[in-house]
Each structure stands twice: as structure tokens, then as C-alpha cells.
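Colleague: Whatever this is, show me its structure:
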Amino acid sequence: MEIRSLTEDYAVSPQIEPGDVPALVAAGFTTIIDNRPDGEIPGALHTEPMRRAVEAAGLVFVANPVIGGAISDGNVLAQRAAIAGSRGPVLAYCASGNRSSIVWAMAEAGMQPTGSLIDTAARWGYNLEPYRDRIEGFAATR
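Modeller: Sure thing, here's the model as predicted:
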């Protein structure tokens with residue numbers, strides 16, 4: 001498991017497993033967001049087994065499946081609500097962390113300059129430049 005901190009309170013990661021949850025607790029995360037649709041992964045990593053493992057450890061689990069290339073406004077609003085409602089640091093995961101970075105930038109749009117959001121993700125190798133117009137669109141609605 002490789003945790004990539006975009007901010008003090010928001011990190012992304014490639015797919016996690018139930019066995020990773022104790023390390024997430026030790027790292028201080030309070031909310032885990034699953035941005036991975038079940039259809040992409042084996043059953044042991046589907047939403048419900050992950051929810052059980054995360055909640056058994058006392059953390060909040062949020063399922064917000066994001067389809068690559070088809071991030072919906074609902075995905076962005078759900079991510080924004082999960083981040084805002086968290087009582088501490090958030091870890092969001094998907095296949096590589098890329099979708100979790102994109103939906104984060106869209107959720108944070110208007111709270112930080114678009115260029116800053118894009119640059120933050122780029123430090124971890126995530127190219128959000130193709131999403132600049134959409135990020136700016138969300139910023140305009142704040």
C-alpha cells in the first residue's frame with residue numbers, strides 16, 4: 001500500500017485490502033473513501049467486504065464508485081460531502097489513486113486555485129490538466 005498525501009487531511013492510494021486497515025488506523029485516517037466500482041475487482045475487495053473491515057476498525061467508510069472517464073457531478077458532490085464530513089484525515093482509493101485525485105480536485109474546486117490543485121496531483125504523477133475546464137466549472141458554482 002502506497003499512501004500519497006495530497007494535503008494534510010487528504011491522501012490517495014491504489015487499491016487497499018482488508019489487511020491494510022490496521023496500518024490506516026495507525027496512520028491516523030478517520031474516513032476511507034472507496035472510489036472503485038465493484039466490477040473492476042475480485043469479490044474479496046468489493047465494497048461490502050471493505051466496508052466491514054474498515055468499520056470494524058472504527059473508521060468511517062464511504063462508497064463513491066467512480067468510473068474512469070465518466071466522473072459524474074454526483075461523484076464530485078459525494079466526495080465533497082465525505083471530505084467535509086470527516087472528523088479527521090481521509091484516504092481515498094481506486095486502482096492507482098488517479099480517479100481519487102481527479103474527483104478530489106473537482107470537489108475542492110473554488111476552495112483552492114485550479115492550478116494549485118493540478119500541481120498538487122502532478123507531484124504524485126497524476127495528470128489533471130485534461131480536467132482543467134471541468135475543475136474550473138465546479139469552481140464557478142461555489
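
Colleague: beta partners for residue 12?
Modeller: Counting by DSSP bridges, residue 12 is bridged to residue 4, residue 92.

Colleague: wait, what's in contact with it?
Modeller: 3, 4, 6, 91, 92, 93, 94, 97, 100, 101, 104, 124 (CB atoms under 8 Å, 6 or more residues apart in numbering). To be clear about C-beta, it is placed using only N, CA and C from the backbone, and glycine gets the same treatment.

Colleague: measure the most centrally placed residue in the chain to residue 62 for me?
Modeller: Geometric centre of the chain, nearest residue: residue 92, 3.0 Å, by CA atoms, centre = their mean. Separation of residue 92 from residue 62 (CB to CB, to the nearest Å): 9 Å.

Colleague: Residue 96 contacts residue 35, doesn't it?
Modeller: No: judged on CB atoms under 8 Å, residue 96 makes no contact with residue 35 at a distance of 10.6 Å.

Colleague: Those two: which is more packed in?
Modeller: Between residue 96 and residue 35, counted using other CB atoms under 10 Å, residue 35 has the larger neighbour count: 28 against 18.

Colleague: Mind picking out the helix or strand in this protein with the poorest mean pLDDT?
Modeller: Lowest by mean pLDDT, DSSP states H and E among the helices and strands of the chain is helix 132-140, with a mean of 93.

Colleague: Quick one: neighbours of residue 67, just the number.
Modeller: So residue 67, with other CB under 10 Å, has 14 neighbours.
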